[in-house]
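Q: Kindly return the folded structure for what I paste below:
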Amino acid sequence: MQWSPRPGETAALAAVGLGLALALVVLDAPGRVLVGAGALLLLALAVRDVLARPRLSAGPDGVDVRTWTRGHHLPWGLLRVHVRETRRFGVRSRTLELDTAAGPDDAGVLVVLGRRDLGSDPGEVARTLRELDPSS
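A: A predicted model of the protein is given here:
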């Protein structure tokens with residue numbers, strides 16, 4: 001199983017980023033700084049979506065997570081899967097937390113992925129990961 005950002009969202013990020021970059025021609029200096037920073041951010045997110053694909057994949061030996069610089073392999077025996085739900089300003093958000101810390105002295109790995117990173121609901125991904133876990 002694999003999870004990645006939806007291609008349509010990645011294309012929309014790239015299109016809006018390019019549109020903002022084109023708008024730099026008609027703006028004054030302070031506007032160029034603000035709009036240029038926004039364009040760079042959106043284009044960087046689109047590039048990350050393309051390069052770090054798939055973000056999460058599960059196999060018989062564990063879970064692999066890809067980031068900008070490297071990937072993490074999280075074996076099933078050490079992996080704890082949580083879904084955290086928070087509410088701020090009336091907006092509910094859910095994140096998938098993958099944790100490998102065995103105890104207070106263990107410097108494990110904590111990976112937090114949201115709906116946009118996974119391309120689907122974190123609760124559904126957590127349920128699928130628990131079903132794929134051979135140790136459960």
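
Q: from here on, contacts and neighbour counts on C-alpha atoms
A: Noted.

Q: what's the worst-scoring helix or strand of the chain on mean pLDDT in contact with?
A: Every helix and strand in the chain was compared by mean pLDDT, DSSP states H and E; the lowest is strand 71-75, with a mean of 87. Residues outside strand 71-75 that contact it (CA atoms under 8 Å, 6 or more residues apart in numbering) are 61, 62, 63, 64, 65, 66, 100.

Q: ok, the fifth one to residue 84 distance?
A: If I follow you right, that is residue 65. Plainly put, residue 65 is 18 Å away from residue 84 if you go by CA to CA, to the nearest Å.

Q: Among those two, which residue is more densely surrounded?
A: residue 65 (21 against 14; other CA atoms under 10 Å).

Q: Mind giving me the packing neighbours of the host helix or strand of residue 46?
A: Residue 46 belongs to helix 29-51 when assigned by DSSP states H and E. Where contact means 3 or more CA pairs under 8 Å, 6 or more residues apart in numbering; DSSP states H and E, helix 29-51 is packed against helix 7-23.
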